[in-house]
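One predicted model, sequence on top.
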Amino acid sequence: MTGQRLTPLEMLARLVAFNTISSCSNLELISFVEAYLQGWGVVSQRIPNAAGDKAALFATIGPQDRGGVVLSGHTDVVPVDGQIWASDPFSLHVENDRAYGRGAVDMKGFCALVLALVPDFLAARLATPVHIFLSYDEEVTCLGVVDGIARFGRDLPQPIAVIVGEPTDLEVADAHKSIAMFTTRITGAQAHSSKPDLGASAVHGAMLIGAELDRLSLEYASRGDSSGRFDPPCSTIHIGQMSGGTARNILASDALLQWEVRALPDLDINEVPARLAQFIDTTILPRFQQTFPGYRVDTEMDGLVPALAPSVGAFAQTLALKLAGRNQTITVPYGTEAGHFHNAGIPTVVCGPGSIDRAHKADEYISLDELAGGEGLLRRLIAELSY
């Protein structure tokens, strides 16, 4: 069966044209990819989210009786609101050997390469299969791969390695920090500010909680990074939003903190929230419940991107180093879906064309040379996995 053959640049133009900002559905893009794969006789499986407005897609090329190498990319992109672009961000614009468009480098460029080479995967005598895994919501939660990973070894093949194609300039990354996102809500009681004993300020509690998170951040900074691989060289705690209260002369009945922990792989992700909970139980609640017994502090984890820890000598690492022509791995400062694959016990690396420095910005682009470099890596993969 012969489907529609598209160059990587033509495929990238198709993918960029779909507005897959994380707040929007990606189903039109998924339908396009399904039809494209079907045209080449490749069966794919749609893995929908609970709401049914987004889906991941999984497909296998090559032997169906064994696990292979997953080429993983996310289909969602970040918003363009407030950014000034020189061209339409959802229409690929090629100029001076650069392809401009939202998601061009992060990471529809890698997805386009994988899909454009489907005919070449099919033409090869693959001894080890290639699995294509396209996800959603990477830019907001990194949870778009979780349902698919849960099916590995059940109704989907158990892979032997994963290459997540985030832009690394084709360096091979085998480590990044975890990212845990939290919301802390404080419930107090209003009163006139001249009579604070008649209420309990949620804002005052939030300030003390924020100060404790800042104290913990300094403590973790002093611990440093024993591996010497991470920048910054420590686990970090950051408060991104703080809100609460209605007026200067009213004790606040509510307040909110949104914060995150970016932790080194050897730090238990539950440690920081557990230590904060202990501080709240021993310091915050006894103080403010004196004047309002119903004073409450509730913390929820909004999302978790697991860390990617090095697996020295693992197949994914040795394979990717060979394909990329590198002698050593690197560490990346951002989180990726690779942590979920790693947590599932699958050797995983991050390696893709282009630079992360251009991601999320106006006039995002990938160069034609970078696309060619990524294509070369995938063609070497074909040779490596073939008889």
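Thanks, I have the structure now.

Centre of the chain to stretch 115-125, how far?
27 Å (CA atoms, centre = their mean, to the nearest Å).

show me the contacts for P119.
3, 5, 40 (CB atoms under 8 Å, 6 or more residues apart in numbering). Backbone N, C-alpha and C define where each C-beta goes, glycine included.

By neighbour count, which of those wins?
W40 (18 neighbours; other CB atoms under 10 Å).

what's the distance between it and P119?
6 Å (CB to CB, to the nearest Å).

Overlap of the contact sets of these two?
Joint contacts of W40 and P119 (CB under 8 Å, 6+ apart) are G3.

Find the nearest non-adjacent residue to S23, please.
Take S23 and drop its neighbours on the chain: the residue closest to it by CB to CB, 6 or more residues apart in numbering is P79, 7.3 Å away.

was I right about the one you found contacting C24?
No - between P79 and C24 there is no contact under CB atoms under 8 Å: 9.5 Å.

picking that back up, and the contacts of P119, which is the shakiest by pLDDT?
The lowest pLDDT within the contacts of P119 belongs to G3, with 89.

helices or strands next to the lengthiest helix in the chain in the packing?
Determined from DSSP state H, the single longest helix within the chain is helix 202-223. Counting contacts by 3 or more CB pairs under 8 Å, 6 or more residues apart in numbering; DSSP states H and E, helix 202-223 packs against strand 178-187, strand 236-244, strand 254-263, helix 271-279.

Following the chain onward from the last one, which element is next?
Scanning forward in sequence from helix 271-279 by DSSP states H and E, the next helix or strand is helix 285-288.

I366: which of the helices and strands packed on helix 202-223 is closest?
strand 178-187 (24.6 Å; CB to CB).

Which positions within that closest one qualify as buried?
By 16 or more other CB atoms under 10 Å, the buried positions in strand 178-187 come out as 178-182, 184-187.

Strand partners (parallel or antiparallel) of that strand?
With DSSP bridges as the test, strand 178-187 is paired with strand 254-263 (antiparallel), strand 296-305 (antiparallel).

For the protein, give me the ranges with low pLDDT.
1 (pLDDT under 70).

what ranges do the helices span in it?
Counting by DSSP H, the helices of the chain are 8-16, 27-39, 108-116, 118-123, 146-150, 202-223, 271-279, 285-288, 315-324, 338-343, 368-385.

what's next to the longest one, contact-wise?
Helix 202-223 has contacts (CB under 8 Å, 6+ apart) with 184, 186-188, 232, 234-239, 242, 244-245, 252-257, 259, 267, 272, 275-276, 279-280, 283-284, 288, 295, 297.

Also the fifth one?
When contacts are taken as CB under 8 Å, 6+ apart, the neighbours of helix 146-150 outside the stretch itself are 47, 49, 56, 58, 133, 135, 156, 340-341, 344.

now with 10 Å?
Helix 146-150 is contacted from outside by 45, 47-50, 55-58, 70, 72, 131, 133-135, 137, 156, 159, 162, 337, 340-341, 343-344, 346, using CB atoms under 10 Å, 6 or more residues apart in numbering.

buried residues in it?
Buried, per 16+ other CB under 10 Å, within helix 146-150: 146, 148-149.

Just send those back as CSV, with distance to A221 too.
Shown next, in CSV, are the buried residues of helix 146-150 (distance: CB to CB, whole Å):
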residue, distance to A221
V146, 31
G148, 37
I149, 33
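
For the closest residue to H74 other than its chain neighbours, which residues are in contact?
Leaving aside its chain neighbours, H74 sits nearest to E138 (3.5 Å; criterion: CB to CB, 6+ apart). Residues in contact with E138 (CB under 10 Å, 6+ apart) are 22, 72-77, 106-107, 144-145, 164, 166, 305, 335-337.

for G62, same thing?
Contacts of G62 (CB under 10 Å, 6+ apart): 68-69, 121-122, 124-131, 382, 385-386.

now, the most widely separated pair of the residues you listed?
Farthest pair in the contacts of G62, by CB to CB: R125 and H131, 17.3 Å.

So between those two, which is more surrounded?
When neighbours are counted by other CB under 10 Å, R125 and H131 differ, and H131 comes out ahead with 23 against 9.

Which stretch among the strands paired with strand 178-187 is buried most, on average?
strand 254-263 (a mean of 21; mean count of other CB atoms under 10 Å).

any chance of the helices and strands packed on helix 202-223 in CSV, plus distance to V33?
Formatted as CSV, the helices and strands packed on helix 202-223 follow (distance: least, CB to CB, whole Å):
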stretch, distance to V33
strand 178-187, 28
strand 236-244, 34
strand 254-263, 32
helix 271-279, 38
